[in-house]
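In: Any chance you could fold what I've pasted below:
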Amino acid sequence: MSLSNEQLTCYDAIRDLGDAANDILAPEQQYYVLGGIVTAAINHPDTVFDHDTSHLIAAEDSAEPVRRDNDTLRDVDVLIRDRLSSKEASRIREELTRAIGGSLVVSVFGLTPHFSPGVVNRGVKSVAAWTSERTLDDDGVLRYELYPLQKEVPLESYEPWRLEMPKGGQISTFNPAAHMLAYYMRSISGLRAKDREKVEAMRVNIEADPKFKEQIYDGPLQSWQHFAEMIELFGTNTEAALDLAEEHDILGRDLDIFRKKSEILRSLESNPTLVKYAQKGLLQALLRPFIGSH
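Out: Okay, here's the model as predicted:
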């Protein structure tokens, strides 16, 4: 690209990402760009939500620079609605990184297999048990899972929107309301400290739109909202949490572990030094699954 790093915006960087993804992926492998690039578009007052065409038309000045204030490169997180082997995810990541000239840090991840309760217990030992998973079972049922919680979600809730960028180019992403809800379900701590201000602003914008509000509370995203509420509630030591655990046949021991891990992770995520290290790649293997992943 002819622009310098100082001039380059995230929209400039990913202008060719959509075409590259369509070339790389199989027709059934729907992709979604998640994270801050889309959030910046949703939060801008001049962005247009076109429900008829499922287009998010970004405002001219909604793009962020490719570098954060601490001089680290921003991320572009790409979800593939398919089970991916680590080899396939790495191949896609490398090809998308080439397509955007390495101007952002690309992460690629897919859906994970769903295992019936009792087949595997990932609740105590697995690092992934601190972060939620989008799963797909052999019957094609989609779920959000965060041990010991799980919630079936309709395929309709994954219907993509298109983010249309001001100077050309489109990328596929979640419905804007689903994009917002995903922040509440990322980890056992619920909404992360570093995301709180922008996500609360996003909720104000989203819920001001009657169609989005209906989708969240009465439509295909109702299960996403319920799962977010369960994470928040299970992170507390309240009578309501105990009642919900009993309703879902969740052991008191698992509820206690969930709450303690939630407290630990909230403490980590509130530490600006640890967040900075995760963004810069220092201690990345340890911290990014908790602090930096979407």
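In: Quick one: the helices in the stretch 101-250 of the chain, in order.
Out: Shown for the stretch 101-250 of the chain, the helices assigned by DSSP state H, counting those that start in this stretch span residues 176-184, 196-207, 210-217, 222-234, 239-247.
In: Distance to residue 269 added to those helices, as TSV?
Out: For glycine as for every other residue, the C-beta is placed from the backbone atoms N, C-alpha and C. Putting the helices of the stretch 101-250 of the chain into TSV (distance: least, Cβ to Cβ, whole Å) gives the following:
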stretch	distance to residue 269
helix 176-184	12
helix 196-207	10
helix 210-217	24
helix 222-234	14
helix 239-247	21
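In: Near residue 65, how many other residues are there?
Out: A count of nearby residues for residue 65, using other Cβ atoms under 10 Å, gives 15.
In: now do the one 5 residues further on
Out: The local packing of residue 70 (other Cβ under 10 Å) involves 10 other residues.
In: thinking again about what came up before, averaging pLDDT over each of the helices of the stretch 101-250 of the chain, report the lowest-scoring one.
Out: Lowest mean pLDDT of the helices of the stretch 101-250 of the chain: helix 239-247, a mean of 82.
In: list the buried ones in that helix?
Out: 241, 244-245 (16 or more other Cβ atoms under 10 Å).
In: Adding distance to residue 14, write these out as JSON lines.
Out: As requested, the buried residues of helix 239-247 are arranged in JSON lines below (distance: Cβ to Cβ, whole Å):
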{"residue": "241", "distance to residue 14": "40"}
{"residue": "244", "distance to residue 14": "40"}
{"residue": "245", "distance to residue 14": "42"}
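In: ok so, going back, can you say which of the helices of the stretch 101-250 of the chain is nearest to residue 52?
Out: When the helices of the stretch 101-250 of the chain are compared by Cβ to Cβ, helix 210-217 sits nearest residue 52, at 10.3 Å.
In: OK, contacts around residue 167?
Out: 11-12, 15 (Cβ atoms under 8 Å, 6 or more residues apart in numbering).
In: Likewise for residue 198?
Out: 39, 43.
In: Thought residue 105 was touching residue 75, still the case?
Out: Yes - counting by Cβ atoms under 8 Å, residue 105 is a contact partner of residue 75 at 4.8 Å.
In: Please enumerate the shared neighbours of those two.
Out: By Cβ under 8 Å, 6+ apart, no residue touches both residue 75 and residue 105.
In: Compare neighbour counts for those two and give me the winner.
Out: residue 75 (21 against 17).
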